[in-house]
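1. 3D, please:
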Amino acid sequence: MTTTTLAVLVPLLPFLGAVAGLLLGRTAPGFVRPLAVLPALASFALAVLVAARQGGGPAVDAATELTPTGSVPIYLALHIDGFAALVAVLVGLVAGCVQIYSTGYLRDDPRYSSYAALVSLFTSAMLLVVYSGDLIVLLVGWEVMGICSYFLVGHYWETPEARAASLKAFLVTKLGDVPFLIGLFALGTDAGSFRITRILGTVAGGGLHHPTLVALLLLAGVAGKSAQFPLHTWLPDAMAGPTPVSALIHAATMVAAGVYFVARLLPVFQASSAAMVVLAVMAAVTMAGSAVAALAQDDIKRVLAYSTIGQLGYMTGALAVGDRGAAVFHLLSHGAFKALLFLAAGVIIHAAGTNSLAAMSRMSHLRDRVPDAYWTMTVALLALAAIPPFSGFFSKESVLGAAEQAATGHAGHAPGAAGWVVLVSALLTALLTAAYAMRLWLLAFRGRGAEAPDHGRQPLVMNAVLWVLAVPSLAFGGLAFRLLPDWFGGGDLTPTLTTSVLGTGLALTGGIVTYGAWRHTTAVAARVPLGAVAAHPKADAGAVEAEAIASHAPAYGDVAYAPDPADPGRLLLGPLHRHAAVGFHLDAVYAVLFVRPVLAAASLVRFLDREVVETYVRGAGALPRLLGAAVRRAQTGNVQTYVSALLAGTVVLAVAAVLVATGT
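-> Numbering: from 1, shown residues only. This next block holds a predicted model:
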């Protein structure tokens, strides 16, 4: 087979698996799991083969006109360069692992067949985005991912949290997709084509007429899809969905699509210095803000969600300083260890026998009960904290090195201001990332929460997937920074001494300080009897005396009622904790600025429709009703009445005729 044929099969196989799974889910349930797993694994194998054939050399291009439009044509096109080939391998790997893992995690779920089909469709849509050489075809995959996320996040639709989260994810991402669509049309009109190669050629020739406007419109869609400030609020709430879905969305699809799109069309954004500065500020705020918020979360999945937002901020920061090689390097590295983190969290939740026990304050004695999750999650957290020699160290240092180059004026396509903004924020985030990673590890595996019931050892497939993903989390970075430059156009990804020392030093500082805070709070909490949280009616596990713990003062007499008296996050953040725990009230701000005005406008429209429009409609129908009533009254069915009316009418006509004849 040619490389083009293999590339067509990569997104096509999961799509066919999704269709077959939906058709056979009820009639032949025994085929559901093979139809979920085998197409994903085959797609991964073909993606590896495509990457091996592409080999970091010239891009593979193929196109056929999809439909004549009369103006800008639309092509069914492939454009596979080194970036696309490697990202497709990541998508296939994570999707295959998620499908295998889900056979154990959702083995008793009555809606597994529809879930597996949607995951396959989700995977197919992301692969279409990765390989597409035409922006309109890319848009199809972009939107299919949006609807798949809506259904998958709302998989547990019986719960109000899942219903609200799925609707929020759909609406917030659509809020960014509207300007994104306008930006695509403007870009295609300026370039005279939606083909990516022709657009890049137009930009290189200076033919883009409105670069700033186009770039800012496109950034709105990227912010929504990749959960960047200010459209990031949907991602933490999306944790209401099944944990394997979270792994897929956070590691290889959906949120990765926005970063990949900017990397694909980076020259379009570089044509506008203003857009690059906006991208840098967006990345900086996202990085630092999400890291602080992660340090205050009690739900293990929400910690990981805010972590994803921050790591995506690293990627957009690398793009803001013009280094797409560093951005995609971190995208690949992050995809492996973040999928591992979520799937390990799923093992922990599964061990408790419910999807609701994700609060770290309720975890206790888990190290011995889930040893596979303990060791693999430790590897993933070290990679997240960028501790050498784990993969996250090399990819994150490539971002820091690119920011340093831009800040010192050695990057030709990036404003110096963008470099400084990204560098300072990235170093601060390195400190905070290690802090919340250490906090998660301590509370999850060495916490003092109430011990959940032991449901025995987890299914083999779940634990096996963890060890598969642990390999790239540990070894990918050390190999990749030497091999990937050939795939990424020759950019240097070697860690630099200055940023390596600064980044690693800050990470170690964050971890050590958090550990010290945990030891201190643990010593204080040792005087608090276990189970005290449930001893008082006011001791709700979600909202309890944060100030009492922050100051180490007892509440309600001699007992401190808090989710976890040994939580170091409360001590480290102090009064900032309660604001960070709710995402700095951004949802409340949006409710005031957008939700309430929209609801008020809807109420006004409903009032006008019912009281004004319907009044006119009712008035227009009133006259015919009255005439009809009068005619109905005349139709009595009495012959004598009809004859009397006929005679009276005859007399009236006769008198009128006489009057007319006499002229009076």
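2. hey, where'd the helices end up in the stretch 201-350 of the chain?
-> Counting by DSSP state H, counting those that start in this stretch, one finds helices in the stretch 201-350 of the chain at the ranges 211-225, 234-237, 243-251, 255-264, 266-270, 273-294, 300-320, 324-351.
3. Take the ones you listed and lay them out in TSV including mean pLDDT, mean neighbour count and distance to Val468.
-> Every residue, glycine included, has its C-beta placed from N, CA and C. Output for the helices of the stretch 201-350 of the chain, formatted as TSV (pLDDT from 0 to 100; neighbours: other C-beta atoms under 10 Å; distance: least, C-beta to C-beta, whole Å):
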stretch	mean pLDDT	mean neighbour count	distance to Val468
helix 211-225	95	23	27
helix 234-237	93	25	25
helix 243-251	93	29	13
helix 255-264	94	26	19
helix 266-270	94	22	32
helix 273-294	95	23	26
helix 300-320	95	28	19
helix 324-351	92	28	9
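4. Ok, which of these comes nearest Gly505?
-> helix 273-294 (16.9 Å; C-beta to C-beta).
5. could you say what helices and strands that closest one packs with?
-> Counting contacts by 3 or more C-beta pairs under 8 Å, 6 or more residues apart in numbering; DSSP states H and E, helix 273-294 packs against helix 211-225, helix 266-270, helix 300-320, helix 416-446, helix 577-581.
6. for the helices of the stretch 201-350 of the chain, which one sits closest to Val422?
-> helix 300-320 (4.0 Å).
7. what angle sits between that closest one and helix 211-225?
-> 160 degrees (axes from the mean of the first three to the mean of the last three C-alpha atoms, to 10 degrees).
8. Can I get helix 300-320 in PDB? Just the C-alpha atoms.
-> The C-alpha trace of helix 300-320 is given here as PDB (Å, rounded to 0.1, in the frame of the first residue of the first chain):
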ATOM      1  CA  ILE A 300      -8.200  14.100  42.400                       C
ATOM      2  CA  LYS A 301      -9.600  14.500  38.900                       C
ATOM      3  CA  ARG A 302     -10.100  18.200  39.200                       C
ATOM      4  CA  VAL A 303      -6.400  18.500  40.200                       C
ATOM      5  CA  LEU A 304      -5.500  16.700  37.100                       C
ATOM      6  CA  ALA A 305      -7.900  18.800  35.000                       C
ATOM      7  CA  TYR A 306      -6.300  22.100  36.200                       C
ATOM      8  CA  SER A 307      -2.900  20.400  35.600                       C
ATOM      9  CA  THR A 308      -3.900  19.800  32.000                       C
ATOM     10  CA  ILE A 309      -4.900  23.500  31.600                       C
ATOM     11  CA  GLY A 310      -1.500  24.600  32.900                       C
ATOM     12  CA  GLN A 311       0.500  22.200  30.700                       C
ATOM     13  CA  LEU A 312      -1.400  23.300  27.700                       C
ATOM     14  CA  GLY A 313      -0.400  26.800  28.700                       C
ATOM     15  CA  TYR A 314       3.200  25.700  28.400                       C
ATOM     16  CA  MET A 315       2.500  24.500  24.900                       C
ATOM     17  CA  THR A 316       0.800  27.700  23.900                       C
ATOM     18  CA  GLY A 317       3.600  29.600  25.500                       C
ATOM     19  CA  ALA A 318       6.200  27.800  23.300                       C
ATOM     20  CA  LEU A 319       4.000  28.700  20.300                       C
ATOM     21  CA  ALA A 320       3.900  32.300  21.500                       C
END
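9. which helices and strands does it pack with?
-> Against helix 300-320 (3+ C-beta pairs under 8 Å, 6+ apart) you get helix 234-237, helix 243-251, helix 255-264, helix 273-294, helix 324-351, helix 391-407, helix 416-446.
10. Redo the ones you listed as TSV? Include distance to Ser473.
-> Formatted as TSV, the helices and strands packed on helix 300-320 follow (distance: least, C-beta to C-beta, whole Å):
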stretch	distance to Ser473
helix 234-237	21
helix 243-251	11
helix 255-264	16
helix 273-294	19
helix 324-351	4
helix 391-407	6
helix 416-446	13
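11. Looking at these, which is nearest to Lys225?
-> That would be helix 255-264 among the helices and strands packed on helix 300-320, by C-beta to C-beta, at 4.0 Å.
12. For the stretch 551-664 of the chain, give me the ranges with low pLDDT.
-> 551-565, 664 (pLDDT under 70).
13. if you set the cut-off to 90 instead, what comes out?
-> Counting by pLDDT under 90, the stretch 551-664 of the chain contains low-confidence ranges at 551-570, 574, 593-595, 607-664.
14. show me where it has helices.
-> 568-573, 577-581, 586-590, 596-608, 614-634, 639-662.
15. would you put the C-alpha positions of the longest one in CSV?
-> In CSV, the C-alpha atoms belonging to helix 639-662 read as follows (Å, rounded to 0.1, in the frame of the first residue of the first chain):
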residue,chain,number,x,y,z
VAL,A,639,-88.6,25.9,9.9
GLN,A,640,-91.1,28.5,11.1
THR,A,641,-88.2,30.8,12.1
TYR,A,642,-86.7,30.4,8.6
VAL,A,643,-90.0,31.2,6.9
SER,A,644,-90.6,34.2,9.1
ALA,A,645,-87.1,35.5,8.3
LEU,A,646,-87.8,34.9,4.6
LEU,A,647,-91.1,36.8,4.7
ALA,A,648,-89.5,39.6,6.7
GLY,A,649,-86.7,39.9,4.2
THR,A,650,-89.2,39.9,1.3
VAL,A,651,-91.1,42.8,2.9
VAL,A,652,-88.0,44.7,3.4
LEU,A,653,-86.9,44.3,-0.2
ALA,A,654,-90.4,45.2,-1.4
VAL,A,655,-90.5,48.4,0.6
ALA,A,656,-87.0,49.3,-0.6
ALA,A,657,-88.0,48.7,-4.2
VAL,A,658,-91.1,51.0,-3.8
LEU,A,659,-89.0,53.7,-2.3
VAL,A,660,-86.5,53.5,-5.1
ALA,A,661,-89.2,53.6,-7.7
THR,A,662,-91.0,56.6,-6.3
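16. Run the angle between that helix and helix 614-634 for me.
-> 100 degrees.
17. Pull out the buried residues from helix 639-662.
-> Residues of helix 639-662 include none that count as buried (16 or more other C-beta atoms under 10 Å).
18. Give me the helices and strands touching that helix, please.
-> Using 3+ C-beta pairs under 8 Å, 6+ apart as the contact test, no helix or strand touches helix 639-662.
19. what's the answer for the first one, then?
-> Other helices and strands packing on helix 568-573, by 3+ C-beta pairs under 8 Å, 6+ apart, are helix 416-446, helix 497-525, helix 546-550, helix 577-581.
20. Mean neighbour count and distance to Leu279 added to those, as CSV?
-> Shown next, in CSV, are the helices and strands packed on helix 568-573 (neighbours: other C-beta atoms under 10 Å; distance: least, C-beta to C-beta, whole Å):
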stretch, mean neighbour count, distance to Leu279
helix 416-446, 24, 7
helix 497-525, 18, 20
helix 546-550, 20, 35
helix 577-581, 18, 24
